[in-house]
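>>> mind looking at a prediction? Sequence and model below.
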Amino acid sequence: MKFVIDSKYFLKNLKAISSVLSTSKNINILTCFILNITNGLLKIKASDFYLCIKITLKVVSTSNGKAAVPAKLLLEILTKLPEQPIKIQKINYNQIRIYFVKGNYDIGVLDHKLFPKHNQINNPKYCMLKKDTILKIINNTLFAVGNEELRPVMNGVCFNINKQTGSFVATNAKILAKYFINNLKTKDKIKFILPKKTLLILKKIVINNLQTKENQNQETNTYIKIQYNKYNTLFKFRNQVLISSLIKCEMPKYDSIIPTAKIKNKLIINVQYLLKSIKRINLFSNPKDNRINFSFSLKQNIIFAANNELTNKGLEELICEYSGENLEISFNSKDLIDVLSNFTCQDIEIKFKDKYTPAIIQPIFYLKKEQILRLIIPLT
């Protein structure tokens, strides 16, 4: 294995996939980059066993070969090295040498054959989604994903694509986020649950792709090809492939907790104004439950909190539009902030059936091709 590459270009691409690497020191091979030279192409892989990223770069090479290089050391070397062309050569079965202008470094490598295999997906179903659509799906659901060891279904986003429509849902049992779009063009019905880590890395890749000027001018590069079977899913970009294991659970029937009857109690308010008020009032709440309270009526609407242990109290009057019956309701402030922080609109409508039923939060204005819905469970 012998190739020449620009150090800054090499570092940039290694950093782009390094977040996949395992943080566990129990399996050393998963803390390595796999470098594979094949006919002038450098193929780099990183994995934590459940998730794998492959990236392909054009380089100047004189011989093919593979090496499993410790990622942390390689990244630190390239970070501290001034930008310049470097030559990397495998000098024996367990060592590579990095040549630069004024010296060279020898690095011990592992057996690349120990690296887990992530083969192409067998008998896949296919789907094509625009990159900005993928980004909207993640931004409108990821904040509601849970972290439950005993309930793994809470730890991901459910993709349910039915040819022209797509429904994307996440919940941690306290809040629920649902994003719906109806302008898709797919051949197959697709349903799977993607883990949170996969979504975070996918979001990073999509943002990097959208920011690349080269891609912005190419219509074919605005789409991501998705392959899927019951075990794995694959996202294919121009020079990158992301393969992820799926959460093998059935999503709860979330529609059953969404109130369907006509709701009379409605609040219309500016999102940022409400967020700032919640963050101020939260300073006076008890950190044990972060409870903040609302009192709504046709005469006055207030938000308040109290920490009786410290005799702290805070109250503010809200500038908003409220219609319906007099209502007092409480929420966990952190959950409410998570729900509200991810709106991009100016004004929202919050519907309250009563103080026990989940509140529905939606933008006042939204496009016909998409619907955004969020639920939050009140505190009792």
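Received it, and whenever you're ready, just let me know what you need. Residues are numbered from 1 along each chain as shown.

>>> what helices or strands is the helix or strand harbouring residue 373 leaning on?
Here residue 373 sits within strand 370-376, counting by DSSP states H and E. Packed against strand 370-376, as judged by 3 or more C-beta pairs under 8 Å, 6 or more residues apart in numbering; DSSP states H and E, are the following elements: strand 175-181, helix 333-341, strand 359-363. Bear in mind the C-beta positions are built from the backbone N, C-alpha and C, glycine included.

>>> of the ones you listed, which is nearest residue 7?
Evaluated over those, closeness to residue 7 peaks at helix 333-341, with 38.6 Å, by C-beta to C-beta.

>>> the one helix or strand residue 135 maps to versus strand 370-376: what angle between them?
Secondary structure assigned from DSSP H and E places residue 135 in helix 131-139. Regarding helix 131-139 and strand 370-376, their directions subtend 10 degrees when assessed with axes from the mean of the first three to the mean of the last three C-alpha atoms, to 10 degrees.

>>> can I get helix 131-139 in PDB, CA atoms only?
The C-alpha trace of helix 131-139 is given here as PDB (Å, rounded to 0.1, in the frame of the first residue of the first chain):
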ATOM      1  CA  LYS A 131     -31.200  16.200   1.000                       C
ATOM      2  CA  ASP A 132     -33.200  19.100   2.400                       C
ATOM      3  CA  THR A 133     -36.200  16.800   3.000                       C
ATOM      4  CA  ILE A 134     -33.900  14.500   5.100                       C
ATOM      5  CA  LEU A 135     -32.700  17.500   7.000                       C
ATOM      6  CA  LYS A 136     -36.300  18.600   7.700                       C
ATOM      7  CA  ILE A 137     -37.300  15.100   8.900                       C
ATOM      8  CA  ILE A 138     -34.400  15.000  11.400                       C
ATOM      9  CA  ASN A 139     -34.800  18.600  12.600                       C
END
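
>>> residues making contact with the helix or strand following that helix?
Proceeding C-terminally, helix 131-139 gives way to strand 156-162 as the next helix or strand, assigned by DSSP H and E. If you take C-beta atoms under 8 Å, 6 or more residues apart in numbering as the criterion, strand 156-162 is touched by 127, 137-138, 141-142, 145, 166-170, 184, 186, 188-196, 198-199, 247, 251.

>>> got it, and stretch 323-330?
With C-beta under 8 Å, 6+ apart as the test, stretch 323-330 has contacts from 264-266, 291-298, 352, 354-355, 359, 378-380.

>>> next step: the residues you listed restricted to helices.
Members of the contacts of stretch 323-330 lying in helices (criterion: DSSP state H): none.

>>> give me the buried subset of the residues you listed.
The neighbour-count test (16 or more other C-beta atoms under 10 Å) marks 265, 291, 292, 293, 294, 296, 352, 359, 378, 379 as buried among the contacts of stretch 323-330.

>>> quick check on the nearest residue to the first one once chain neighbours are set aside: phi, psi?
This means residue 265. Beyond its immediate neighbours in the sequence, the residue positioned closest to residue 265 (C-beta to C-beta, 6 or more residues apart in numbering) is residue 324, lying 3.2 Å away. In this entry, residue 324 is assigned phi and psi values of phi 130, psi -160 (degrees, to the nearest 10).

>>> likewise residue 174?
According to degrees, to the nearest 10, the main-chain angles of residue 174 amount to phi -110, psi -30.

>>> which residues does it contact?
Each residue near residue 174 by C-beta under 8 Å, 6+ apart is listed here: 332, 335, 376, 377.

>>> make a markdown table out of the residues you listed and add pLDDT and distance to residue 278.
A markdown table is the format used below for those (pLDDT from 0 to 100; distance: C-beta to C-beta, whole Å):
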| residue | pLDDT | distance to residue 278 |
| --- | --- | --- |
| 332 | 96 | 11 |
| 335 | 95 | 11 |
| 376 | 96 | 12 |
| 377 | 95 | 16 |
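
>>> circling back: mean neighbour count, the helices and strands packed on strand 370-376: which tops it?
Most buried of the helices and strands packed on strand 370-376 by mean neighbour count (mean count of other C-beta atoms under 10 Å) is strand 175-181; its value is a mean of 22.

>>> what angle sits between the lengthiest helix in the chain and strand 156-162?
If you go by DSSP H, the chain has its longest helix at helix 196-210. Angle of helix 196-210 versus strand 156-162, following the same axes, to 10 degrees, is 70 degrees.

>>> elements contacting helix 196-210?
Under the contact definition 3+ C-beta pairs under 8 Å, 6+ apart, helix 196-210 sits against helix 7-18, strand 51-58, helix 131-139, strand 156-162, strand 240-245.

>>> contacts only, for the residue nearest to residue 300 when sequence neighbours are not counted.
Once flanking residues are discounted, residue 300 sits nearest to residue 317: 6.4 Å by C-beta to C-beta, 6+ apart. Contacts of residue 317 were listed using C-beta under 8 Å, 6+ apart, and they are 300, 301, 302.

>>> identify the bridge partners of residue 317.
Partner residues in beta bridges with residue 317: residue 302, with DSSP bridges as the criterion.

>>> which ones among the buried ones among the contacts of stretch 323-330 lie within strands?
Cross-referencing these against strands under DSSP state E gives 265, 291, 292, 293, 294, 296, 352, 359.

>>> and of the residues you listed, the nearest to residue 273?
For residue 273, the closest of these turns out to be residue 294, at 14.1 Å, with distances computed as C-beta to C-beta.

>>> I'd say that closest one and residue 303 touch.
Yes: in this structure residue 294 lies within contact range of residue 303 using C-beta atoms under 8 Å: 5.5 Å.

>>> rewinding a little: drop anything exposed from the contacts of strand 156-162.
Buried members of the contacts of strand 156-162, scored by 16+ other C-beta under 10 Å, are 127, 137-138, 141-142, 145, 166-170, 184, 186, 190, 192-196, 198-199, 247, 251.

>>> the strands in the stretch 1-150 of the chain, which residues?
Counting by DSSP state E, counting those that start in this stretch, the stretch 1-150 of the chain has these strands, from start to end: 2-6, 32-38, 41-47, 51-58, 60-63, 65-70, 85-92, 95-100, 103-108, 125-130.
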